[in-house]
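# what follows is a predicted protein model with its sequence.
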Amino acid sequence: MSARPTERMVHLRGGGVSLALGVEDTARLLYWGPALPEGVDEGGLRASLPESGIDAPMFPPLLPASGWGFWGQPALSGRHDGGGWAPRLRAMGVEATAGRARIAHEAEDGSLAVVVDLDLDAGTGVLRACAEVTNRAAEPYRLDWCASLCFALPAFLDEALVSEGAYIREFQERRVALGAGVLLRENRRGRTSHDAFPGVVLGERGFGAERGAVYGFHLGWSGNHRLLVETRPDGTRIVQLGELLHPGEVVLGPGESYRTPPAYAAVDGGGLNGLMARTHAHVRQRILPRQPLRTRPVHLNIWEAIYFAHEKGALLDLIDRAAKVGVERFVIDDGWFHGRVNERAGLGDWWPDEGKYPDGLAPIAEAVRAKGMEFGLWVEPENVNPNSELYRAHPDWVMELPQATDPERWPPGQWRQFVLDLGRAEVADYLFDKIDALLRPGYIGYLKWDMNRDVAPAGVGGEPAYGRHTRTLYGLIDRLRAAHPDVEIETCASGGGRADWGILERTERVWVSDSNDAHDRLSIQRGFSLFFPPEVMGAHVGRERCTVTSRRNDLGFRAAVALFGHMGVEWDIRALSQEELADLAAWIALHKRHRALLHGGRSVRLDLDGVEATGHGVVAPDGAEALYLVARLVTRPAPIAVRLAGLDPEGTYVVRVPEPAPDGALPWGRESPPLSGRLLGFYGVRVGLGRLDTAVVLHLERVG
Ligand code: DGJ
C-alpha cells in the first residue's frame with residue numbers, strides 16, 4: 001500500500017486487544033486483533049491492507065457510501081428531499097483516548113454530519129460501536145440505513161457461524177463458507193426474533209471451541225435488524241450490523257439526529273471459548289443492570305404445571321412442595337389477571353382475576369414468602385386482547401391494523417392480540433400505573449415480561465413504527481426499574497424471541513425457549529451461550545414427557561441439562577412420588593453447591609460434533625475446580641473421547657461424579673486418582689455413554 005504520510009494513526013488498546021485506525025480524508029481500520037506493542041510501526045500496519053487496484057479501487061472506510069464511488073454495500077444510505085443521495089463524507093477529525101475514538105464526518109456539501117463512536121473496553125476487550133447521523137440541510141433527510149458498525153476484515157476469515165432457529169428451536173448454529181456476494185440476515189418481526197439472532201462469528205478455516213482466530217459481532221437491539229458480511233473481489237470481508245429501517249421510518253428534519261443502537265464486537269485468537277470468555281465478562285461487567293447479580297434463586301414456574309387453571313388448593317400444594325425440594329422463587333405465570341380464561345382474553349387488564357384470586361395476590365404471595373421463597377409474577381404488557389376491558393375502552397390505543405380489519409379475525413394465525421402503541425404517553429402511563437400498583441405493596445420480587453406476538457405490522461400515523469416500539473418499550477421498563485429498583489425482570493417472547501444485549505441492559509434473566517426437552521435444549525443452550533453467560537440462561541426441569549416435543553427423558557438427563565443455567569422447575573410436582581421428589585431435591589442441592597462456580601466461572605464448550613455427542617463446562621477463574629457435562633445424543637455403544645477444555649495444564653485434578661448424577665461412565669467409578677490437567681485437557685478422557693439422551697456430570701478439583 002502506498003504511504004499516506006498525512007494519515008493520522010489512532011491506536012486503541014484494552015483487554016489484550018489493539019484496534020488501529022488511520023484517519024485522513026476518510027477513516028479506515030488498519031488493524032484489530034491481539035494487542036500490538038506500543039509504538040508499533042505505522043508503515044507496517046498500512047502494509048497489511050491490500051493494494052488498491054481495478055477490483056478494489058479504494059480500501060473501504062468506516063463509512064463506505066456511494067459518494068466516493070464505493071460500489072459495495074454502503075454503510076449509510078438515504079436521500080435528501082429534492083436531491084442529494086450520494087454524500088461525500090470526509091473525516092473532519094478524531095478525538096481519541098486510550099480506549100475511545102470519536103470520528104466526526106461531514107458531507108462535502110455540508111448537508112450531513114455523521115459521528116462514529118468506538119469504545120474498546122479496558123477489561124474485556126469488547127468493542128462498542130455506534131453512529132449518529134445529523135441532517136444539516138434545510139430539506140428533510142430520509143434515512144434508509146446507517147450501520148452501527150462497518151468493518152473491513154482480512155480474507156483469512158473464510159467461515160461464518162450464524163444463528164438460525166424457530167420457536168422451540170432457538171439459537172441453532174450453522175457454519176457458512178464465505179464466498180463472493182453477501183451473507184445477509186434480516187429481521188422484520190419487530191422483536192429480536194426466534195430465527196435471526198442478531199449475532200455472527202467469523203473465523204479462520206476450521207476454527208473450533210479452542211482453536212483459531214474468531215471475530216464475534218452482536219447488535220444490542222430488540223427490534224428489526226440487518227446484519228451482512230460482504231466479500232469483495234479481493235477477498236476482504238465487510239461486516240455491517242444495524243437497525244433495519246422500513247421506508248419512511250426515519251425522516252430527519254433540519255437539525256435532527258438519528259443514533260444507531262450499539263453494536264458489540266470481540267476478537268480472540270483462542271477459538272469460541274476465548275470469544276465466550278470476553279462476551280460473558282462483558283455481560284457481567286458492563287451490560288447487566290446489576291453487577292454483580294444477586295445469587296440466582298432456583299425457580300418453580302407454574303406454567304407447564306397448571307396453565308390457566310389457577311386454583312388456591314393447587315397453588316398451595318405446589319408452594320409447599322416447591323419449598324420442600326429447595327425452590328427459592330415461586331412464579332405465577334399467565335392466567336392470574338382479570339378475565340384470563342384462555343389466551344384469547346384479558347391481556348391489558350392487569351389486576352387479579354376476581355374469581356381465581358378473590359382476595360387479590362397477597363394471600364398467595366404471603367404463602368410463598370412464609371416458606372422462605374420469593375414471589376414472582378408473569379406479565380405481557382405490550383399486548384391487548386380485543387376481549388378485554390382495556391380494548392373495549394380504548395380500541396384506538398393499538399398500533400394501526402391493516403384497513404378494514406375485523407379485530408376478531410386478525411392477526412391470522414397468531415393469538416388474538418394486538419400491540420399497544422407505547423409511544424402514546426397515555427398508553428405508557430396506563431401500563432406503568434397498572435404494573436406499579438402491582439409492585440407497590442412490595443411482595444413481588446420478580447416479573448417475567450412476556451411478548452407473544454411479532455410487532456408486525458407496526459404502523460402509527462401512517463408510518464412504520466418498529467423502532468419506536470423498541471425505544472418506548474425500553475423507556476417503560478427503565479421507568480419501572482427506577483421506581484422499583486429491587487425487582488428483577490426476565491425477558492421472554494414465546495421463549496427466546498427477545499434475547500439480546502439491549503433488553504439485557506434492563507433484565508436479569510432470559511427465558512431461552514419454550515422447549516424444556518433436554519435433548520433439544522442442549523443445542524439451544526449451546527448457541528445461546530456464545531453471547532450470554534449461564535447465570536442469565538433460564539433452564540427448567542420440565543415434565544418427563546416434554547409438552548412441546550413429546551420426547552421422554554428421565555429426570556437425571558433433564559436435571560443435568562438444567563443444572564448449567566439459572567436453574568428452575570416447570571412441572572406439576574404434586575404428582576411426584578416421595579422418591580422422585582427426593583431425587584429432584586438432590587439435583588437442586590447439587591446446583592446450589594456449585595452455583596458460585598456455575599455463575600461466576602469461565603464457560604467452555606467441548607470440541608464434540610454436536611450430532612453424536614455434545615458437552616460443555618465451567619472452570620473456576622483460578623482453575624481450582626470445574627464442572628462439566630458430557631452427553632450422548634444418539635445410541636452408539638462406543639465411549640466418547642473428550643478433551644476437557646479450560647483446565648490448568650500444570651495442575652493435578654481429581655475427577656468425581658457428584659451425587660445424584662449416575663456413575664458408571666468413567667473407569668474409576670465415582671472418583672478418579674489424581675490426574676494431570678494436561679492429560680485431561682490435551683489428550684482427554686473416555687466417557688462410557690452408549691445410550692442416547694444420557695449424560696454424565698463431572699466435578700474436578702485441583703489437588704496439586
Ligand atoms: C410464552 C412463554 O414462553 C411461556 O413460558 C409462558 O409464559 C406462556 N407464554 C404463557 O402465555
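Structure received.

# where does residue 390 land in three-state SS?
helix (DSSP: H, G, I helix; E, B strand; the rest coil).

# ok, now which ones touch the closest residue to it other than its chain neighbours?
Leaving aside its sequence neighbours, residue 390 sits nearest to residue 348 (CB to CB, 6 or more residues apart in numbering; 3.1 Å). C-beta coordinates here come from the backbone N, C-alpha and C atoms, glycine included. For residue 348, the contact set (CB atoms under 8 Å, 6 or more residues apart in numbering) comprises 383, 384, 385, 388, 389, 390, 391, 420.

# element containing residue 348?
Here residue 348, judged by DSSP states H and E, is contained in no helix and no strand.

# for residue 666, see how far away it is.
55 Å (CB to CB, to the nearest Å).

# so which bits of the chain are right by the ligand?
Residues of the chain lying near the ligand by CB under 6 Å from any ligand atom: 303, 333, 334, 378, 450, 452, 492, 494, 495, 511, 514.

# in this protein, what residue is nearest the ligand?
Proximity of the chain to the ligand (CB to the nearest ligand atom) peaks at residue 334, 3.5 Å away.

# that residue contacts residue 342, correct?
No - taking contacts as CB atoms under 8 Å, residue 334 lies outside contact range of residue 342: 9.8 Å.

# can you give me the helices in the chain?
Counting by DSSP state H, the chain has these helices, from start to end: 42-47, 271-282, 303-306, 312-325, 362-370, 389-393, 425-439, 466-483, 501-504, 518-528, 555-562, 578-593, 595-600, 677-678.

# helices or strands up against the last one?
So that's helix 677-678. Helices and strands touching helix 677-678, by 3 or more CB pairs under 8 Å, 6 or more residues apart in numbering; DSSP states H and E: there are none.

# what does the first one give?
For helix 42-47, the helices and strands in contact under the criterion 3+ CB pairs under 8 Å, 6+ apart are strand 17-23, strand 27-34.

# please apply the same query to the fifth one.
Helices and strands touching helix 362-370, as assessed by 3+ CB pairs under 8 Å, 6+ apart, comprise helix 312-325, strand 374-379.

# that helix: which residues count as buried?
364, 365, 367, 368 (16 or more other CB atoms under 10 Å).

# follow-up on the earlier one: which pLDDT value goes with the residue nearest to residue 390?
You'll see residue 348 listed with a pLDDT of 98.

# so how far is residue 378 from it?
Residue 348 is 14 Å from residue 378, by CB to CB.

# likewise residue 686?
45 Å.

# one more: residue 252?
Counting by CB to CB, the gap from residue 252 to residue 378 is 39 Å.

# tell me how far the worst-scoring helix or strand of the chain on mean pLDDT lies from the chain's centre.
Least confident element among the helices and strands of the chain, by mean pLDDT, DSSP states H and E: helix 42-47 (a mean of 78). The chain centre lies 37 Å from the centre of helix 42-47; the measure is CA atoms, centre = their mean, to the nearest Å.

# what are the buried residues along that helix?
42, 45, 46.

# and for stretch 554-563?
So stretch 554-563, judged by 16+ other CB under 10 Å, has buried residues 555, 556, 557, 558, 559, 560, 561, 562, 563.

# run the chain-centre distance for that stretch.
23 Å.

# and stretch 238-253, C-alpha only, in CSV?
C-alpha atoms of stretch 238-253 as CSV (Å, rounded to 0.1, in the frame of the first residue of the first chain):
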residue,chain,number,x,y,z
ILE,A,238,-17.0,-6.3,5.1
VAL,A,239,-19.2,-6.8,8.2
GLN,A,240,-22.1,-4.5,8.9
LEU,A,241,-24.8,-4.5,11.7
GLY,A,242,-27.5,-2.1,12.4
GLU,A,243,-31.2,-1.4,12.8
LEU,A,244,-33.3,-2.3,9.8
LEU,A,245,-35.4,0.6,8.8
HIS,A,246,-38.6,0.5,6.8
PRO,A,247,-39.3,3.1,4.1
GLY,A,248,-40.2,6.4,5.8
GLU,A,249,-39.4,5.1,9.3
VAL,A,250,-36.7,7.7,9.9
VAL,A,251,-37.1,11.1,8.3
LEU,A,252,-34.8,13.7,9.9
GLY,A,253,-35.9,17.3,9.8
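
# can you give me the buried ones in that stretch?
Here stretch 238-253 shows 238-246, 249-252 as buried, counting by 16+ other CB under 10 Å.

# can you give me the neighbour number for residue 391?
By the criterion of other CB atoms under 10 Å, residue 391 has 21 neighbours.

# chain neighbours aside, what residue packs nearest to it?
Using CB to CB, 6+ apart, the nearest residue to residue 391 is residue 384, at 5.0 Å.

# equivalent analysis for residue 372, please.
residue 323 (6.6 Å).

# show me what contacts that neighbour?
Here residue 323 is in contact with 371, 372, 373 (criterion: CB under 8 Å, 6+ apart).

# for residue 533, same thing?
Applying CB under 8 Å, 6+ apart, the residues near residue 533 are 280, 283, 284, 599, 603.

# quick check: phi and psi at it.
Dihedral angles of residue 533 (phi, psi; degrees, to the nearest 10) stand at phi -80, psi 160.

# ok, now the one 10 residues further on?
Backbone torsions of residue 543, given as degrees, to the nearest 10, read phi -70, psi 170.

# any idea how far the most centrally placed residue in the chain is from residue 222?
Nearest residue to the geometric centre of the chain (CA atoms, centre = their mean): residue 500, 3.4 Å. According to CB to CB, residue 500 stands 6 Å off from residue 222.

# would you map the strands across the stretch 551-700 of the chain?
Taking DSSP state E, counting those that start in this stretch, the strands of the stretch 551-700 of the chain run over residues 566-569, 602-605, 613-619, 625-632, 640-642, 652-656, 675-676, 685-687, 694-702.

# quick one: contacts of the second one?
Residues external to strand 602-605 that are found in contact with it (CB under 8 Å, 6+ apart): 209-210, 272-273, 276-277, 280, 526, 529, 533-534, 615-621, 645-646.

# what strands flank that strand, and is each parallel or antiparallel?
strand 613-619 (antiparallel) (DSSP bridges).

# using PDB, write out the CA atom coordinates for the strand it pairs with.
The C-alpha trace of strand 613-619 is given here as PDB (Å, rounded to 0.1, in the frame of the first residue of the first chain):
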ATOM      1  CA  ALA A 613     -22.300 -36.100  21.400                       C
ATOM      2  CA  THR A 614     -22.000 -32.700  23.000                       C
ATOM      3  CA  GLY A 615     -20.600 -31.200  26.100                       C
ATOM      4  CA  HIS A 616     -19.700 -28.000  28.000                       C
ATOM      5  CA  GLY A 617     -18.300 -26.900  31.300                       C
ATOM      6  CA  VAL A 618     -17.500 -24.100  33.600                       C
ATOM      7  CA  VAL A 619     -14.000 -23.600  35.100                       C
END
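
# tell me the mean pLDDT over it?
98.

# now that strand and strand 694-702, what's the angle there?
30 degrees (axes from the mean of the first three to the mean of the last three CA atoms, to 10 degrees).

# still on that earlier bit, how far away is the residue nearest to residue 390 from residue 303?
Taking CB to CB, one finds residue 348 at 20 Å from residue 303.

# repeat that for residue 74.
46 Å.
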